[in-house]
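Enquirer: next come a sequence and a model predicted from it.
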Amino acid sequence: MSKTSKILATIGVIFLFMILSGALQAGSGPGGRNTGIFGLILLFGVIAGVRAIWKSSDDDNNADNTSLKKD
């Protein structure tokens with residue numbers, strides 16, 4: 001995964017988190033409300049997602065393209 005695609009994926013994950021967090025708070029009265037346990041689950045999901053995106057290696061692994069020896 002190239003660095004540009006990692007940045008775009010991170011922006012997408014954060015944008016999705018903002019939309020889902022806003023959806024949790026929608027419909028509440030003035031001043032909003034606490035998102036509670038669902039907000040924490042979303043937050044930990046974002047943290048895990050961003051860590052997984054940036055943990056993947058930058059180099060293209062060509063291990064799948066090994067040639068087979070035929071006898």
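Expert: Noted; the coordinates are in hand.
Enquirer: Gly39: neighbouring residues, count only.
Expert: Using other CB atoms under 10 Å, Gly39 has 15 neighbouring residues. No exception for glycine: its C-beta is placed from N, CA and C like everyone else's.
Enquirer: where does it land in three-state SS?
Expert: When classified by DSSP: H, G, I helix; E, B strand; the rest coil, Gly39 comes out as helix.
Enquirer: residues touching it, list them.
Expert: Listed by CB atoms under 8 Å, 6 or more residues apart in numbering, the contact partners of Gly39 are 21, 24.
Enquirer: quick one: it from Lys3, how far?
Expert: In this view, Gly39 and Lys3 are 30 Å apart by CB to CB, to the nearest Å.
Enquirer: now whichever helix or strand Ile19 is part of, how far from the centre of its chain.
Expert: According to DSSP states H and E, Ile19 maps onto helix 3-25. Here the centre of helix 3-25 is set off from its chain's centre by 7 Å, with CA atoms, centre = their mean, to the nearest Å.
Enquirer: next: stretch 17-31.
Expert: 20 Å.
Enquirer: for that stretch, measure first residue to last.
Expert: 20 Å (CA to CA, to the nearest Å).
Enquirer: what about this structure, any weak spots by pLDDT?
Expert: Under the criterion pLDDT under 70, the flagged ranges of the chain are 27-29, 32, 58-66, 68, 71.
Enquirer: off-centre distance for the one helix or strand Leu43 maps to?
Expert: Applying DSSP H and E as the criterion places Leu43 in helix 36-55. Relative to its chain's centre, helix 36-55 lies at 7 Å (CA atoms, centre = their mean).
Enquirer: buried residues in that helix?
Expert: Neighbour-count burial for helix 36-55 flags 42, 46, 49-50, 53 (criterion: 16 or more other CB atoms under 10 Å).
Enquirer: out of those residues, which is nearest to Leu8?
Expert: Here the nearest of these to Leu8, counting by CB to CB, is Ile53; it sits at 9.8 Å.
Enquirer: identify the residues contacting the residue positioned nearest the centre of the chain.
Expert: Nearest to the mean C-alpha position of the chain, counting by CA atoms, centre = their mean, stands Gly49 at 3.3 Å. Residues in contact with Gly49 (CB under 8 Å, 6+ apart) are Val13.
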